[in-house]
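Student: Got a predicted model here, sequence first, then my questions.
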Amino acid sequence: MNLSLTQPLFAEAEAELIPADQLDSAMRKRPAPPVADETVKQRVRRLAAHCQKYRGSIRGRAVWQMVTTLVPLALIVAAMFATVRNAYWATLLLAFPAAGLLVRAFIIQHDCGHGSFFSSRRLNDFVGRSMSVLTMAPYGLWRREHALHHASSGNLDRRGAGDIETMTVEEYQKLSAFAKWRYRAYRNSFFLFGIGVPAYFILIQRQPWLHALSAKDSWKSVVGLNLALVAFYGPLIYFFGVSDVFFVALPVVHIASAVGGWLFFIQHQFEETTWEKTEGWDFQVAALLGSSYYDLPRVLNWFTGNIGLHHIHHLNSMIPNYRLQDCIAESPELSAINRMTLRDSFKCARLKLWDEGARRLVGFDELPARA
């Protein structure tokens with residue numbers, strides 16, 4: 001499947017009228033439309049037109065982001081190697097800022113995959129592949145899987161491409177006892193972020209299977225990165241030894257993976273997100289109303305490359321991360337849609353299933369006793 005990484009400004013030519021009760025449900029906790037007769041789709045189209053003004057790279061800002069990411073990361077990792085044998089407690093403390101910078105490096109790779117970080121596709125691909133040696137995510141494979149995620153986000157009939165597995169209440173209730181246990185185990189936060197996501201980055205992405213793309217379409221990207229990892233880590237192992245490299249790299253990659261997994265989870269797994277079957281699904285409505293605005297403290301926004309402004313990113317993936325704040329600053333309306341603070345976000349960990357009747361995500365504790 002060939003997918004354009006450039007999202008359309010208008011996914012549909014016309015906006016359909018939505019019944020009042022559905023409109024009220026769709027806009028819960030969101031400010032009323034400025035125009036009395038504006039439909040949900042019309043409002044989304046108007047906001048998409050605003051976001052369109054911020055697409056396009058700014059080379060100076062892109063280069064500066066790379067400098068402020070890679071230089072401190074290199075210095076911190078050097079300090080970790082200096083302490084790994086005699087003061088491992090210090091190594092572990094340093095692993096936290098190093099992991100934050102690794103998340104920031106992943107956002108650079110992410111934007112390169114969308115073609116938004118630089119204006120040149122060749123430069124985007126070069127930088128994206130270079131970042132993948134640090135993030136351990138095969139650039140070509142991840143780029144195509146992530147494009148599938150953007151193209152199908154919020155579509156109940158097209159789940160499974162770059163998503164956190166999410167079942168509907170009806171689907172879950174039809175499962176066998178063992179299948180229910182498996183799903184509960186998978187959706188357990190300690191397993192998902194403590195084991196599942198780190199294992200995905202460290203192990204699953206080292207082979208071409210278990211991906212949304214076939215092994216035939218995945219192997220080149222996977223093998224290419226594996227060879228690059230050997231070239232990158234080989235000299236480090238030669239000079240510092242296997243154990244030193246292992247005890248420096250593992251906590252950084254593990255923490256960064258867990259944080260990245262949580263960010264991806266919270267971007268779509270919140271109570272009043274939006275899911276629709278294909279016949280009722282709209283690309284831009286799902287992008288804006290099905291993605292959160294994770295309003296993080298400024299320092300965390302810096303480390304996470306503003307990816308918390310995810311509703312804007314899904315509405316227009318050609319806006320580079322360093323322009324997302326500019327976009328929302330000029331639209332107070334966007335800052336009120338699906339806003340979630342750090343404290344608010346922890347409540348989302350209990351959400352496990354999409355309730356099609358109530359049109360919200362629910363926890364297992366909200367199911368009837370027979371489930």
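Tutor: Looks like it arrived, so ask away.
Student: hang on, isn't residue 105 packed against residue 134?
Tutor: Yes. Contact criterion Cβ atoms under 8 Å: residue 105 and residue 134 qualify, at 5.1 Å. (C-beta placed from N, C-alpha, C; glycine too.)
Student: list residues touching both of those two?
Tutor: Both residue 105 and residue 134 are in contact with residue 73, where contact means Cβ atoms under 8 Å, 6 or more residues apart in numbering.
Student: Show me what counts as buried in stretch 362-371.
Tutor: Neighbour counts over stretch 362-371 (16 or more other Cβ atoms under 10 Å) mark 362, 364, 366 as buried.
Student: can you dump the C-alpha coordinates of it into PDB?
Tutor: Below are the C-alpha coordinates for stretch 362-371, written out as PDB (Å, rounded to 0.1, in the frame of the first residue of the first chain):
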ATOM      1  CA  VAL A 362     -14.100   2.600  29.900                       C
ATOM      2  CA  GLY A 363     -12.300   0.500  32.500                       C
ATOM      3  CA  PHE A 364     -12.900  -3.100  33.300                       C
ATOM      4  CA  ASP A 365     -14.500  -2.000  36.500                       C
ATOM      5  CA  GLU A 366     -17.400  -0.500  34.500                       C
ATOM      6  CA  LEU A 367     -18.400  -3.700  32.800                       C
ATOM      7  CA  PRO A 368     -21.300  -5.700  34.100                       C
ATOM      8  CA  ALA A 369     -20.500  -8.600  36.400                       C
ATOM      9  CA  ARG A 370     -21.000 -11.300  33.700                       C
ATOM     10  CA  ALA A 371     -18.200  -9.800  31.600                       C
END
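Student: any residues touching stretch 82-95, and which ones?
Tutor: 76, 79-80, 244, 247-248, 251-252, 255.
Student: Buried by neighbour count: which residues of stretch 316-335 qualify?
Tutor: The neighbour-count check on stretch 316-335 (16+ other Cβ under 10 Å) flags 316-324, 327-328, 331, 334 as buried.
Student: same for the helix or strand hosting residue 225, what does it pack against?
Tutor: Using DSSP states H and E, residue 225 sits within helix 215-240. On a contact count with 3 or more Cβ pairs under 8 Å, 6 or more residues apart in numbering; DSSP states H and E, helix 215-240 meets helix 121-135, helix 139-152, helix 242-268.
Student: Export these to TSV and append columns for mean neighbour count and mean pLDDT.
Tutor: Below are those laid out as TSV (neighbours: other Cβ atoms under 10 Å; pLDDT from 0 to 100):
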stretch	mean neighbour count	mean pLDDT
helix 121-135	19	98
helix 139-152	21	96
helix 242-268	20	98
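Student: Adding distance to residue 233, write those out as a markdown table.
Tutor: Formatted as a markdown table, the helices and strands packed on helix 215-240 follow (distance: least, Cβ to Cβ, whole Å):
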| stretch | distance to residue 233 |
| --- | --- |
| helix 121-135 | 9 |
| helix 139-152 | 17 |
| helix 242-268 | 6 |
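Student: buried ones in the helix or strand that contains residue 170?
Tutor: Using DSSP H and E, residue 170 sits within helix 169-173. Across helix 169-173, burial judged by 16+ other Cβ under 10 Å covers 169, 172.
Student: C-terminal to the helix or strand where residue 80 lies, which secondary structure element comes first?
Tutor: In this structure, residue 80 sits in helix 59-83 according to DSSP H and E. Once helix 59-83 ends, the next helix or strand along the chain (criterion: DSSP H and E) is helix 88-114.
Student: Using TSV, lay out the buried residues of stretch 362-371 together with pLDDT, distance to residue 280 and secondary structure.
Tutor: Formatted as TSV, the buried residues of stretch 362-371 follow (pLDDT from 0 to 100; distance: Cβ to Cβ, whole Å; DSSP: H, G, I helix; E, B strand; the rest coil):
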residue	pLDDT	distance to residue 280	secondary structure
362	97	20	strand
364	97	26	helix
366	94	24	helix
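Student: Quick check: which helices or strands does the helix or strand that residue 44 is a member of pack against?
Tutor: Element membership for residue 44 (DSSP H and E) is helix 40-52. Judged by 3+ Cβ pairs under 8 Å, 6+ apart, the packing partners of helix 40-52 are helix 283-289, helix 310-315, helix 332-335.
Student: Of those helices, give the one that comes closest to residue 201.
Tutor: Closest to residue 201 of the helices and strands packed on helix 40-52 is helix 310-315 (Cβ to Cβ; 19.8 Å).
Student: Check which helices and strands the next helix or strand after that closest one is in contact with.
Tutor: Downstream of helix 310-315, the next assigned helix or strand under DSSP H and E is helix 324-329. Helices and strands touching helix 324-329, by 3+ Cβ pairs under 8 Å, 6+ apart, are helix 310-315, helix 332-335.
Student: now the shortest one: mean pLDDT?
Tutor: Within the predicted structure, the mean pLDDT of helix 332-335 is 95.
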